[in-house]
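Trainee: Let me see the structure of the following:
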Amino acid sequence: MCILPECLEGFDAQRVFGYGVFQGACGGELLLDYPQDAAGKTLEGRSFHNGRFIMAMRKALQATKTAELRQGAVTALLEDEKNGQVNGVSYRTSDGQAHKISAALTVVCDGLFSTLRKNLTENTAHTRSRFLGLVLKDVEYPRANGGNVILADPSPILLYPISSTEGRMLIDFPDDLPTNENGALSKFLLSHTINQLPVCVRPSFEKAVQEGNFKAMPNRQLGARPLKRPGTLVIGDALNVRHPLTGGGMTVAFTDVQNVLALFDGYLKDFNDGTSIDLLVSRHYETRQCKNAAINILADALYDVFGLKYGSLRDACFDYLSQGGEMLAGPVRLLSGISRSQSLLVRHFFSVALWGVYRNCFPLPTPKAIIKSFLMLRDANIIILPLLMQEHPGIGFQVVAALLRTIFWIPYQSYIIPKDA
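Mentor: Numbers count the residues shown, from 1 in each chain. The predicted structure is shown next:
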């Protein structure tokens, strides 16, 4: 029986029913509701303190008779020097004692800052930007019961509830964060950032800045390139990372778990059968992409679209969603993870660009409008094609991508995802 719904109770997790998108302090606004189920009830999600949710899952695990919970910091994988088989891990408990534990299958899920990833994948994370995090108390949300996206300069700001009295704000910095030496960061936030926020948010924001409890984290991008090491399975952010703008990280992690569990009955006959375990792992790596690719692509593509670098696309996207109907419903299904269709994503993404062309050229195209439209279509290809290429496309798509590179004069180098040193 699934215990996840129970793990969402008892620690003030907040119900969310959609998103709000706001153009700065006094621009336009969009309210995007989650779709309805067959009974006409609006689907809902949850937002919360991540640590509280993890503790709730640990508590549920402790109550499970078939599981044993041990707590410690993993220091290394245990490997057979002859064949490279992973047979478990070594770890250290809080009192400093070293321990080892053996297992036929070691699941590596140590997240964004994984220390085990380097020996289990052949890809390297790329830092796209950095988030500065603040907790706002008793904040008045522009969009209640939902996630709030503020299209700011130079990139988006997120705000969402994590309890009945607290909201988390994440401010994106494409470049390095200002230091707070001599109050430089606080000064920037109270002179530049605050002026771009909806008026209702500013009092709580100002108090949070004055308290100075800042937390920063890198926003990374990492395509799934697992090394098939016998006895190991890598899931979640340890394997695959996308920009957190759309909140897709936990969706991908639980999708990985769901995918592995669905394969157990068909492939795992016996935990002592190493061949069955390796077959299950291989099958998971082969099938997870089709369920997670749209979430990965949308997160990184939307981050670019919502930034100032591609301002024409940002305006076109906002206007496209404002039309309502399927032009709104389709993107919301993708944003919420209800739809995982890559074809739906690509269709709406290029529809946004074509809508921008229509806005530029109607009712009478001018040379300036035609040039601007060509550059907008070029930008759309520059954004999304590398992300699609990262998700293991077939040969047909690779041929189309090469054709589009030629049409829009896009250097091949722009299709290579950079790596951090």
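Trainee: Could you give the average pLDDT over stretch 89-106?
Mentor: When pLDDT is averaged along stretch 89-106, the result is 95.
Trainee: Output it as PDB, nothing but the C-alphas.
Mentor: What follows is stretch 89-106 as a C-alpha-only set of coordinates in PDB (Å, rounded to 0.1, in the frame of the first residue of the first chain):
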ATOM      1  CA  VAL A  89      28.700   0.600   1.400                       C
ATOM      2  CA  SER A  90      30.900   1.700   4.300                       C
ATOM      3  CA  TYR A  91      29.400   4.400   6.500                       C
ATOM      4  CA  ARG A  92      30.100   6.400   9.700                       C
ATOM      5  CA  THR A  93      27.600   7.100  12.400                       C
ATOM      6  CA  SER A  94      27.300  10.300  14.300                       C
ATOM      7  CA  ASP A  95      29.500   9.000  17.100                       C
ATOM      8  CA  GLY A  96      32.300   8.500  14.700                       C
ATOM      9  CA  GLN A  97      32.200   4.700  14.400                       C
ATOM     10  CA  ALA A  98      32.800   3.100  11.000                       C
ATOM     11  CA  HIS A  99      30.500   0.400   9.800                       C
ATOM     12  CA  LYS A 100      30.000  -1.700   6.600                       C
ATOM     13  CA  ILE A 101      26.800  -3.200   5.200                       C
ATOM     14  CA  SER A 102      26.500  -5.600   2.400                       C
ATOM     15  CA  ALA A 103      23.700  -5.800  -0.200                       C
ATOM     16  CA  ALA A 104      23.000  -7.400  -3.500                       C
ATOM     17  CA  LEU A 105      21.700  -4.000  -4.900                       C
ATOM     18  CA  THR A 106      22.900  -0.600  -3.600                       C
END
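Trainee: Pull the contacting residues for the closest residue to residue 114 other than its chain neighbours.
Mentor: Once flanking residues are discounted, residue 114 sits nearest to residue 238: 4.1 Å by CB to CB, 6 or more residues apart in numbering. Heads up, the C-betas are built off the backbone N, CA and C, glycines and all. Shown in contact with residue 238 (CB atoms under 8 Å, 6 or more residues apart in numbering): 108-111, 114, 116-117, 120.
Trainee: How about residue 188?
Mentor: By CB under 8 Å, 6+ apart, the contact list for residue 188 reads residue 178.
Trainee: can I assume it sits in a helix?
Mentor: Yes. Counting by DSSP: H, G, I helix; E, B strand; the rest coil, residue 188 is part of a helix.
Trainee: which residues of this protein fall in strands?
Mentor: 14-16, 18-22, 29-33, 45-47, 73-79, 86-92, 98-102, 106-108, 126-137, 147-150, 157-161, 166-173, 215-221, 232-234 (DSSP state E).
Trainee: Which positions in the longest one come out as buried?
Mentor: For strand 126-137, a neighbour-count test (16 or more other CB atoms under 10 Å) marks 126, 128-132, 134-136 as buried.
Trainee: Could you do the fourth one as well?
Mentor: For strand 45-47, burial by neighbour count (16+ other CB under 10 Å) applies to 45, 47.
Trainee: how does this structure divide up, domain by domain?
Mentor: 4-50+126-220, 70-124+222-294, 307-415 (automatic domain parsing).
Trainee: I'd like to know which of the ones you listed is closest to residue 62.
Mentor: domain 70-124+222-294 (10.7 Å; CB to CB).
Trainee: start to end distance for the closest one?
Mentor: Domain 70-124+222-294 stretches 35 Å from its first residue to its last (CA to CA, to the nearest Å).
Trainee: Find the nearest non-adjacent residue to residue 392, please.
Mentor: residue 289 (5.7 Å).
Trainee: That neighbour: neighbour count?
Mentor: By other CB atoms under 10 Å, 16 other residues sit near residue 289.
Trainee: I figured it hits residue 391, correct?
Mentor: Yes. In this structure residue 289 lies within contact range of residue 391 using CB atoms under 8 Å: 5.9 Å.
Trainee: Give the residues shared as contacts by the two.
Mentor: Here residue 289 and residue 391 share no contacting residue, scored by CB under 8 Å, 6+ apart.
Trainee: measure stretch 238-251 end to end?
Mentor: Using CA to CA, the end-to-end distance of stretch 238-251 comes out at 14 Å.
Trainee: where's that stretch relative to the chain centroid, distance-wise?
Mentor: 3 Å (CA atoms, centre = their mean, to the nearest Å).
Trainee: What residues of it count as buried?
Mentor: Using 16+ other CB under 10 Å as the test for burial, stretch 238-251 gives 238-249, 251.
Trainee: Closest to residue 296 out of those?
Mentor: Distance to residue 296 across these (CB to CB) is lowest for residue 242, with 4.4 Å.
Trainee: tell me the contacts of the closest one?
Mentor: Counting by CB under 8 Å, 6+ apart, residue 242 makes contact with 221, 248-249, 252, 295-296, 299-300.
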